[in-house]
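Participant: Just need the structure, nothing else, for what follows:
(4 chains)
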Protein chains: 4
Amino acid sequence: MSDVSVHLGANKYGKAENRVVRIVRDTPRHEIIDLNVTSQLRGEALVDSYLTGDNGLVVATDTQKNTVFAFAKEHGIASPEEFLLTLSKHFVSSFDWIEGGLWQAEQYAWDRILVGDQPHDHSFVRSGKATRLATVQVVDGATHVTGGLKDLTVLKSTGSEFAGFPRDTYTTLVETDDRVMATTVTGRWRFLPEAVEAGIDYNGLYEEVSAVLLSTFASVHSLALQQTLWEMGKAAIAARPEIAEIKFAMPNKHHFVYDLSPFGLDNPNEVFYAADRPYGLIEGTVVRDGVAEAPEAWTDVPTFV
Amino acid sequence: MSDVSVHLGANKYGKAENRVVRIVRDTPRHEIIDLNVTSQLRGEALVDSYLTGDNGLVVATDTQKNTVFAFAKEHGIASPEEFLLTLSKHFVSSFDWIEGGLWQAEQYAWDRILVGDQPHDHSFVRSGKATRLATVQVVDGATHVTGGLKDLTVLKSTGSEFAGFPRDTYTTLVETDDRVMATTVTGRWRFLPEAVEAGIDYNGLYEEVSAVLLSTFASVHSLALQQTLWEMGKAAIAARPEIAEIKFAMPNKHHFVYDLSPFGLDNPNEVFYAADRPYGLIEGTVVRDGVAEAPEAWTDVPTFV
Amino acid sequence: MSDVSVHLGANKYGKAENRVVRIVRDTPRHEIIDLNVTSQLRGEALVDSYLTGDNGLVVATDTQKNTVFAFAKEHGIASPEEFLLTLSKHFVSSFDWIEGGLWQAEQYAWDRILVGDQPHDHSFVRSGKATRLATVQVVDGATHVTGGLKDLTVLKSTGSEFAGFPRDTYTTLVETDDRVMATTVTGRWRFLPEAVEAGIDYNGLYEEVSAVLLSTFASVHSLALQQTLWEMGKAAIAARPEIAEIKFAMPNKHHFVYDLSPFGLDNPNEVFYAADRPYGLIEGTVVRDGVAEAPEAWTDVPTFV
Amino acid sequence: MSDVSVHLGANKYGKAENRVVRIVRDTPRHEIIDLNVTSQLRGEALVDSYLTGDNGLVVATDTQKNTVFAFAKEHGIASPEEFLLTLSKHFVSSFDWIEGGLWQAEQYAWDRILVGDQPHDHSFVRSGKATRLATVQVVDGATHVTGGLKDLTVLKSTGSEFAGFPRDTYTTLVETDDRVMATTVTGRWRFLPEAVEAGIDYNGLYEEVSAVLLSTFASVHSLALQQTLWEMGKAAIAARPEIAEIKFAMPNKHHFVYDLSPFGLDNPNEVFYAADRPYGLIEGTVVRDGVAEAPEAWTDVPTFV
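Facilitator: Coordinates of the predicted model:
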């Protein structure tokens, strides 16, 4: 190994996947907020922790963890976005040398269990329908907030076609005017900074956007997953003025018509084989005209993969 | 390696995890049935396939796969239990030397997407709330059927205690009269053979049993997860005369009260750390008095793990 | 819900997946033993914990966890089998009403990191090649021990054929005299009780059996996965007199020849698509002639799935 | 929903996770190359596929899949980097409107099975030690190549400390001068464009860098994971002049000393509990001085998460 001259590039550090469950029990009718929180910090002054192992400015990842759990008590969790905002302000304001960071949360939804027809006061069943996402990024003195969801699996059994694509030496795909289309939606929407400043009903917005994404997926007659993605994003932005842009990653979860002809059977789109891999992977961003771009909002945020 | 004298013991073979999706599209209002089907066969005569590689009696796993998909068209899928019964009868009756086997299915539930307030005709969103299970076992000329579910995650934020346990050298656990109790239920119920014979509304039963399990979990004041398990099984058996017995595996998904005292904060069961491993694992069977035992029904069926 | 008369059937309870890592550091050359241990207890007297929530005889799962970690210090971990034996004896002898149980372990292998050509004293890299398995079952006063492995993925690029199978209406598979054969081996071998009694070099045996399984897979010209399974089991039993029987579950991980003919290309078994699902699933037991059967050794042990 | 004015932002599309296995069988001593390949394309002209569902320029994801498998035959797979380069050139040169894209590969390593002491000609066992990574990004007429690895789990049982960190209200962590340090390394190195142009022995480089990362992890007395990361990156860059920079994500996989004092036992770093979540997450980039920055090389490449 020869001598080499190097420097530290992009970096951050913290505690990942703090599984904090907050029960609100001020009345007999409890509430549950179930989060997976990751906190990571950045700052130029942290360079020595890498170069020489000097930990004098390293807010320990264990301290970040403690802060997450303590804040769940001190400040409560009104929404994942607001909880991450509170965390971000704490770290940046408490430690001079912490210039910013990335805070991420997943939220798992719970429904009340029905006993008879009554929703129970303190018993819940986890709804597996989607996982809510949120991030707060603090960089160069600015704060960026995103909401989102993942694991939202949808399928339409008709109303989807795919045709008109170019053909080359390696093209064997047959055009179709009726296919099953299925995807598992990951979507993240960036909030306008002025809306964040003014205050947002993050929970209400999440419910509304989720519903709009679903109903748009259902309603659009699809010519391609790209077009469906576009319409879903457009509808979300139309629904809520707080949203600046929305990014999607949508695997095309192929459902292949099983060839039953060797058995003397027709198969008019009735019996499908649901394949695992490979899968199409369609990614796109729908941006409201006129908003300021903010690529730094997305640094290290998993969106397209 | 010296010479050795051995013989073939328990065995079976087949095709696992056939992901068959059946769309019923006889009217514009489509239905979706989404299964993961495993078919495996047994028979004394198959011994030569192991001992000498003679495949003369080996109904190919690929043939079993084709049959699953073809039957989804020919016979439809009224319920996973009935679909597996149809498959089992086919293999045992079509091939003299196939004496029995084990057929298993998972079913994934889909909800209709709402557009406005209207459930859509052909667009669906996957409900992640639980996975339905079914098995058919044919052995010694008898047919055994089970239904079940897994991945049903439930939590109660109070109404659970754990105390009165013995203490030895290695006991440090503190007694508690108020804790969070959470589990992910796996349950499988065996149907009475005479009920199978008479015909069962498997789908209606599944919905009813699922609801009873949930409401019992919610309603029982828990002294231990064992007791909750028992009450849930008892309620299911009470609800449906077709059920002979029900087996449960219930991890105790620990939610630990986070110690906030170093930060000068109380934590009266408000902020929890949701742990991954280790976890309690409670397993038990509730059996209707007077029914004939049928251990062979459970051979190779994953229940307790 | 009508009144119903029920009783408790098979059950057990305990603490699952205790991730205990033992460092032996008596000399500067450290050793690492990395286990995932599950402890579960059975006893007729435990019935009241289910029926009435009386925990008076419930050795807490937390106590079982503490015991696992304490024993790693007090007794060390000579092998997973011996560690589980020590645990089992403790619980059965310390608590009158504990009649038996099932103890399971996974062991993860670590290699020493090479610095220059020298294996390092205290730095290790995890070998992902296979996971070692062990169980101890105590039932009716008898103790049964198994060893095993899982996650051992093997492939042969030729020397495998599949032909001569029967053809029916649903058969489309073409016979082949040259295919890729791949599987991920799960195998568990039961030790003869008298060998357990006499003492076994469990670690040496594991290494030898692993090597024999691999070399047999490689050497056998395969007419079917069933035959390969049989030969592997036979070779293991031939290699070690301590083994009474061995159970295998072997998925047939299909590698399909990709059809390149539309592109004017031959594909003489050179380019394959590695499929996920469905897969063949071949299960079988090879039993040494003359040994006593012990089905109770396998109760609740995951083998065939 | 009001009318809304939007435009398309960042996007790409293609086929993900093509599991291509290439057997080289020109001689009886076969070779196996086992890849998971993702191909995704970008181009301004593709905007209409999103906006109007016009697929006239959409090179179908199925066509991309076919190309991957066909190229495995036509061009072979000398290394994942070279295979992705060949794919990227094809798509960009064959379709005027395809301006660039991102191609990614994982490679799974296989060892020859030993029969006696001889490595077998055509039988292999999968080595689980690490997964090799590669990407090719074509953007604005430039081509960027990275190599890398993930799933490399390492542990040192001593030679690691963590002290000197600041303490605030939420700090409870005790300083330590001897702890277990473990991580699962994900690392990606970007090649200098001029080295790519000149040609690189990608396979040899991968082996050398992997070995250097391991031996550096082992040799460095660690004051913090940050410092270990830095030293590993520096050593890799020192070892190979082709590397411009290297990015790491390293979870701090906590191994906690189990408190055995309630049982009257010492625990001088001998018995550990290996925790799952939360975990530290340390990320950093080591950059060779004087190289041109290329942030566009990393667009959509999962590095820090």
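
Participant: Now do the buried residues in stretch A:108-115.
Facilitator: By neighbour count on 16 or more other C-beta atoms under 10 Å in any protein chain shown, the buried set for stretch A:108-115 is A:108-110, A:112-113, A:115. Just so you know, the C-beta spots here come from the backbone N, C-alpha and C atoms, and that holds for glycine as well.

Participant: Could you pull up the mean pLDDT of it?
Facilitator: Here stretch A:108-115 scores 98 as its mean pLDDT.

Participant: Mind checking if it is in reach of chain C?
Facilitator: No. Using C-beta under 8 Å from any C-beta of the partner chain, stretch A:108-115 stays clear of chain C, with a minimum separation of 12.7 Å.

Participant: Contacts for that stretch next, please.
Facilitator: A:32, A:34-36, A:119-120, A:123-127, A:129-132, B:154-155, B:211, B:214-215, B:217-219 (C-beta atoms under 8 Å, 6 or more residues apart in numbering or on different chains).

Participant: Can you dump the C-alpha atoms of that stretch in PDB for me?
Facilitator: What follows is the C-alpha trace of stretch A:108-115 in PDB, where atoms were taken according to Å, rounded to 0.1, in the frame of the first residue of the first chain:
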ATOM      1  CA  TYR A 108     -47.700   1.400  11.200                       C
ATOM      2  CA  ALA A 109     -51.400   1.800  11.300                       C
ATOM      3  CA  TRP A 110     -53.600   0.100  13.800                       C
ATOM      4  CA  ASP A 111     -57.400  -0.300  13.700                       C
ATOM      5  CA  ARG A 112     -59.600  -0.700  16.800                       C
ATOM      6  CA  ILE A 113     -60.800  -4.200  17.300                       C
ATOM      7  CA  LEU A 114     -64.600  -4.600  17.000                       C
ATOM      8  CA  VAL A 115     -66.400  -6.200  19.900                       C
END
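
Participant: Report the distance from it to the chain centre.
Facilitator: Here stretch A:108-115 is found 22 Å from its chain centre; the criterion is C-alpha atoms, centre = their mean, to the nearest Å.

Participant: After the helix or strand harbouring A:Asn66, which helix or strand is next? Please name it.
Facilitator: Using DSSP states H and E, A:Asn66 falls within helix A:61-74. Later in the chain than helix A:61-74, the nearest helix or strand by DSSP H and E is helix A:80-94.

Participant: I'd like to know which elements that following helix is packed against.
Facilitator: For helix A:80-94, the contact count by 3 or more C-beta pairs under 8 Å, 6 or more residues apart in numbering or on different chains; DSSP states H and E identifies strand A:31-42, helix A:61-74, strand A:100-115, strand A:118-139, strand A:142-156, helix A:202-219 as packing neighbours.

Participant: closest to C:Ser49 out of these?
Facilitator: Closest to C:Ser49 of the helices and strands packed on helix A:80-94 is strand A:118-139 (C-beta to C-beta; 21.6 Å).

Participant: if we can go back for a sec, out of the helices and strands packed on helix A:80-94, which gets nearest to C:Gly14?
Facilitator: Ranked by C-beta to C-beta, the member of those that lies closest to C:Gly14 is strand A:118-139, at 24.3 Å.

Participant: distance of A:Asp48 from chain B?
Facilitator: 28 Å (C-beta to the nearest C-beta, to the nearest Å).

Participant: So for A:Asp3, what's the pLDDT?
Facilitator: At A:Asp3, pLDDT is 73.

Participant: do the same with A:Lys65
Facilitator: 98.

Participant: distance of it from A:Gly43?
Facilitator: 19 Å (C-beta to C-beta, to the nearest Å).

Participant: Within range of chain C, give me the residues from chain A.
Facilitator: A:169-170, A:172, A:262-263, A:276-277.

Participant: ok and the residue in the stretch 151-300 of chain A nearest chain B?
Facilitator: At 3.4 Å from chain B, A:Ala218 is the closest residue in the stretch 151-300 of chain A, using C-beta to the nearest C-beta.

Participant: how deep is the nearest residue to that residue once chain neighbours are set aside tucked in, by neighbour count?
Facilitator: What sits nearest to A:Ala218 in space, not counting adjacent residues and going by C-beta to C-beta, 6 or more residues apart in numbering or on different chains, is B:Ser123, at 3.4 Å. Look at B:Ser123: counted by other C-beta atoms under 10 Å in any protein chain shown, it has 26 neighbours.

Participant: tell me the residue furthest from the middle of chain A?
Facilitator: Largest separation from the mean C-alpha position in chain A: A:Gly264, at 45.9 Å (C-alpha atoms, centre = their mean).

Participant: confidence score at it?
Facilitator: For A:Gly264, the predicted pLDDT is 98.

Participant: so where's chain A shaky on pLDDT?
Facilitator: A:1-2, A:305 (pLDDT under 70).

Participant: go again using 50 as the cut-off
Facilitator: A:1 (pLDDT under 50).

Participant: Point me to the residue of it nearest chain C.
Facilitator: Across chain A, no residue is closer to chain C than A:Asp276, which sits at 4.0 Å (C-beta to the nearest C-beta).

Participant: so how many other residues sit close to the residue lying closest to that residue once chain neighbours are set aside?
Facilitator: Distances taken as C-beta to C-beta, 6+ apart put C:Asp276 closest to A:Asp276, at 4.0 Å, once the chain neighbours are dropped. By other C-beta under 10 Å, 15 other residues sit near C:Asp276.

Participant: how deep is A:Leu214 tucked in, by neighbour count?
Facilitator: Look at A:Leu214: counted by other C-beta under 10 Å, it has 24 neighbours.

Participant: show me what contacts it?
Facilitator: By C-beta under 8 Å, 6+ apart, the neighbours of A:Leu214 are A:152, A:154, B:113-114, B:125.

Participant: mind running it again at 7 Å?
Facilitator: Neighbour list for A:Leu214: A:154, B:113, B:125 [criterion: C-beta atoms under 7 Å, 6 or more residues apart in numbering or on different chains].

Participant: same question, A:Ser222
Facilitator: A:159-160, A:181, A:228.

Participant: which parts of the stretch 201-305 of chain A sit against chain B?
Facilitator: By the rule C-beta under 7 Å from any C-beta of the partner chain, the part of the stretch 201-305 of chain A lying against chain B is A:214-215, A:217-219, A:255, A:258, A:260, A:263, A:265, A:267, A:269-274.
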